[in-house]
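Give me a model of this one.
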Amino acid sequence: MLATNPIRCAWYPLRSSTQFRLPRTISITVSSIRLSGISPLFRLPSLRELTLTSYDFSFETYLQAQQSSAEEIQLWACPASTSPIETVDIFCNIPANIVAIMLQSAACLKSFRYFGDLLRFQEPAWLRDVGAALNQHRASLESIIFDKLKYIPLSNAGATVSLEPWQLNGAFPNLTRFNGPLYSLLEVDRSQCPNQLALLTTILPPTLEHLLLEIPPYWDPRYLIDLESSWNVLHFPKLTKLDIRCSCMTPAAPPFVLLALEKFFAKIDIACRFTIDFYRSGMSERIEEIADRIRAMGPAGVELAAHVDDGILDEEPWDDEW
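Below you'll find the model as predicted:
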């Protein structure tokens, strides 16, 4: 289905009176984010899964959505906590208040995925505001995925603004899976804080079975855990899979510590997989050259090079092969 402005479905404008054959899943490609057009989808009585996708990730399109969002929110046609939608997947750059009103409309949200850019200087509180909407579904959420977010400054050189992390509010008794960058949960000034995984046990619920973390380029993976200490599995008693995507800007100092981390968790029956991602470095087209440079660093380099990834075609959640 193709969506324009307003949202169009099968070439007809989508209105509250539009009749469907009780669809449970709808996937729409959007060319603009107009809430007054999207909201009727949330009122379909049979709909359980909604996917919104855009092939336009331009800054200009995002700004248009941000500038019109206050007006569009006034026209939103689905009251809070009334929609039967349980799964929302978003593959677009969408301002936080638009994402939030979508999530707030759901009565019992179970799964949320967001694949897009975080525009730091336009919305430093994006994670905090979207997280606040997710907190309203803490009793029902089973899966939260912030998939390969790009942390984009879009500002004058020299200015400093950090993204505000998501503040989890209360227990998430059914949450079994979390994907996301470390900065979605921890303040940037904790990037040099030791034993960060232990710190996450005070933030994320003990019900987690699968934890996927992205380490941004400015975050040192050596601080994830003290390999000399013992890991108390009771922190995450149900954890069986730990997936780490380490974003690197240069192959000059590859993260050899991840090899030790993989072995560390294998001893306690937690499957640990990691990927070294050069997607943000601008060197993705030279991925074989990068792998060769790492292999030349010795036996550990040969082992580490097997984990090098350009990140370009990996648009699905990182763990789909598991």
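
would you list every one of the strands in the stretch 51-200 of the chain?
Here the stretch 51-200 of the chain has its strands, by DSSP state E, counting those that start in this stretch, at 87-91, 111-114, 117-119, 143-146, 150-152, 177-181.

Out of those strands, flag the one nearest F59.
strand 117-119 (7.3 Å; CB to CB). Quick note: C-beta positions are derived from backbone N, CA and C, even for glycine.

mean confidence score for that closest one?
For strand 117-119, mean pLDDT is 78.

what's the most buried one of the strands of the stretch 51-200 of the chain?
Highest mean neighbour count of the strands of the stretch 51-200 of the chain: strand 177-181, a mean of 22 (counted as mean count of other CB atoms under 10 Å).

That one packs against which elements?
Judged by 3 or more CB pairs under 8 Å, 6 or more residues apart in numbering; DSSP states H and E, strand 177-181 is in contact with strand 143-146, strand 210-215.

chain center to the last one: distance?
Which is strand 210-215. Strand 210-215 sits 10 Å away from the centroid of its parent chain (CA atoms, centre = their mean, to the nearest Å).

CA-only coordinates of it, as PDB, when you get a sec.
Written as PDB, here are the backbone C-alpha positions of strand 210-215 (Å, rounded to 0.1, in the frame of the first residue of the first chain):
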ATOM      1  CA  HIS A 210      17.800 -11.800  25.200                       C
ATOM      2  CA  LEU A 211      19.800  -8.600  25.500                       C
ATOM      3  CA  LEU A 212      21.200  -6.800  22.500                       C
ATOM      4  CA  LEU A 213      23.500  -3.800  23.000                       C
ATOM      5  CA  GLU A 214      25.100  -1.400  20.600                       C
ATOM      6  CA  ILE A 215      28.400   0.200  21.700                       C
END
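
what angle separates it from strand 177-181?
0 degrees (axes from the mean of the first three to the mean of the last three CA atoms, to 10 degrees).

Need the residues that contact strand 210-215.
By CB atoms under 8 Å, 6 or more residues apart in numbering, the residues outside strand 210-215 that reach it are 145, 148-149, 176-182, 200, 204, 221, 224, 236, 239-247, 255, 317-319, 322.

Could you point out the helix or strand that follows that strand?
Moving toward the C-terminus from strand 210-215, the next helix or strand (DSSP states H and E) is strand 241-247.

Dump that following strand to CSV, keeping only the CA atoms.
Extracted in CSV, the C-alpha atoms of strand 241-247 (Å, rounded to 0.1, in the frame of the first residue of the first chain):
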residue,chain,number,x,y,z
LYS,A,241,21.6,-14.6,24.8
LEU,A,242,23.8,-11.6,24.8
ASP,A,243,24.4,-9.8,21.4
ILE,A,244,26.8,-7.0,21.1
ARG,A,245,27.3,-4.7,18.1
CYS,A,246,30.4,-2.6,18.5
SER,A,247,30.6,0.5,16.2
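
And it, what does it pack against?
strand 210-215, helix 257-266, strand 271-277.

Show me what counts as buried in stretch 197-206.
197, 199-201, 204-205 (16 or more other CB atoms under 10 Å).

what do you get for stretch 265-276?
Neighbour counts over stretch 265-276 (16+ other CB under 10 Å) mark 265, 270, 272-276 as buried.

burial count for A296?
10 (other CB atoms under 10 Å).

quick one: it from I290, how far?
As judged by CB to CB, to the nearest Å, A296 and I290 stand 11 Å apart.

ok, residues contacting stretch 104-113?
By CB under 8 Å, 6+ apart, stretch 104-113 touches 39, 42, 76, 78-90, 103, 133-134, 136-137, 140-147, 179, 317.

try stretch 216-223
With contact meaning CB under 8 Å, 6+ apart, stretch 216-223 is reached by 151, 181-183, 188, 191-196, 215, 244, 246-249, 255, 257-258, 261, 280-281.

so can I have a markdown table of the helices and strands packed on strand 177-181 showing distance to E228?
Listed next are the helices and strands packed on strand 177-181 as a markdown table, based on distance: least, CB to CB, whole Å:
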| stretch | distance to E228 |
| --- | --- |
| strand 143-146 | 31 |
| strand 210-215 | 20 |
